[in-house]
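Q: take this sequence and fold it.
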Amino acid sequence: MRKIYANVKEIHVDTSIPQNAQKLWENENLALYYTYDSSQGQVNWIMQNKTTDTKLVSLLRGAELNLNNQIYVIPDYIFGNAFAEVYFANGLSTFITDLQNIPLYSLAILTNENDQKTIGFVFQIPPNSVIIAPEYGFTNLKSLDGQLLEVEAVNYNLFAIVYDFLEIIEYEQEAGIQVNYPPDPYAIQSYKFLINNLGNIMTQRLILEIPQSDINSVTSLVSDIQKVIDKLKKIF
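A: Residues are numbered from 1 along each chain as shown. Okay, here's the model as predicted:
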């Protein structure tokens with residue numbers, strides 16, 4: 001399945017909407033605009049906070065492309081969901097660990113009311129400001145859709161994550177570069193945010209939440225296993 005990918009380092013805050021931007025969606029608090037560069041297959045997502053309060057949001061978007069005279073549908077999914085491990089392992093993004101200090105392009109655990117979990121970008125948009133986020137892979141764009149979803153912090157915990165390694169292969173094919181990747185599984189500490197729509201899940205993951213009360217037990221178990229391995233090394 002074709003996926004689109006972000007240039008995370010180009011994400012930035014601005015105070016105004018570019019003159020050539022087209023409005024895609026809005027509600028009373030937020031608005032979503034875009035610009036398109038067909039020569040680069042690049043869409044600039046322009047996320048506007050129309051209020052005097054800071055807003056935490058995720059971007060849900062999809063597209064239709066015309067490839068070899070056939071319509072190819074990119075289903076609606078959360079920005080950052082497809083290649084989260086690539087962004088994390090290559091130092092392009094980190095998981096949110098402090099609500100008072102959220103970097104511009106941050107990943108987080110997202111959950112719905114049914115406790116289904118995934119990973120995606122969470123943006124902190126300052127009052128009366130916009131965040132502009134470039135994304136690539138929109139070759140021969142036919143149509144776009146999208147919306148901004150407000151998210152709410154639920155808790156902070158340790159998470160163990162098993163992911164589909166196909167994500168790494170597909171990113172390297174799409175971007176034309178080799179990348180680092182985390183162990184499978186890997187563990188991170190992050191805030192978990194409630195969102196009302198997880199969209200389509202582009203990279204399958206098993207996300208296990210480890211309560212703070214169980215962390216010592218897990219650490220002890222890992223230590224015991226390591227002692228057994230060390231003893232076996234001495235024997236053999």
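Q: so where's this protein shaky on pLDDT?
A: 1-3, 213-236 (pLDDT under 70).
Q: hey, where'd the helices end up in it?
A: Using DSSP state H, the helices assigned to the chain run over residues 84-89, 166-175, 212-235.
Q: residue 200: what's it in contact with?
A: Contact analysis of residue 200 by CB atoms under 8 Å, 6 or more residues apart in numbering lists 62, 75-77. Placement of C-beta: from N, CA and C, glycine included.
Q: what's the closest of these to residue 17?
A: Using CB to CB, the shortest approach to residue 17 within the contacts of residue 200 belongs to residue 62, at 21.7 Å.
Q: relative to residue 112, how far out is the closest one?
A: Using CB to CB, to the nearest Å, residue 62 is found at 18 Å from residue 112.
Q: over to residue 193?
A: Applying CB to CB to residue 193 and residue 112 gives a distance of 10 Å.
Q: of those two, which one has the most company?
A: residue 193 (21 against 13; other CB atoms under 10 Å).
Q: so who does the nearest residue to the more buried one once chain neighbours are set aside touch?
A: Leaving aside its chain neighbours, residue 193 sits nearest to residue 151 (4.0 Å; criterion: CB to CB, 6 or more residues apart in numbering). By CB under 8 Å, 6+ apart, residue 151 lies in contact with 56-58, 108, 110, 122, 193-195.
Q: mind running it again at 7 Å?
A: 56-58, 110, 122, 193-195 (CB atoms under 7 Å, 6 or more residues apart in numbering).
Q: identify, from the contacts of residue 200, the entry nearest to residue 11.
A: Distance to residue 11, by CB to CB, is smallest for residue 77 among the contacts of residue 200, at 17.8 Å.
Q: tell me the contacts of that closest one?
A: 62, 199-200, 202.
Q: residue 25 now?
A: Residue 25 neighbours (CB under 7 Å, 6+ apart): 32, 146-147.
Q: out of these, who's nearest residue 7?
A: Once CB to CB is applied, the member of the contacts of residue 25 that ends up nearest residue 7 is residue 146, at 17.6 Å.
Q: mind listing the residues bridging to that closest one?
A: residue 61 (DSSP bridges).
Q: ok, it touching residue 31?
A: No - applying CB atoms under 7 Å as the test, residue 146 and residue 31 come out as separate, 11.0 Å apart.
Q: if we can go back for a sec, who wins for most neighbours among the contacts of residue 25?
A: Within the contacts of residue 25, neighbour counts (other CB under 10 Å) peak at residue 32, which reaches 24 neighbours.
Q: which residues touch that residue?
A: Contacts of residue 32 by CB under 7 Å, 6+ apart are 24-26, 45, 47, 146-148.
Q: tell me the two of those residues that are most distant?
A: The span of these, defined through CB to CB, is set by 26 and 45 at 13.7 Å.
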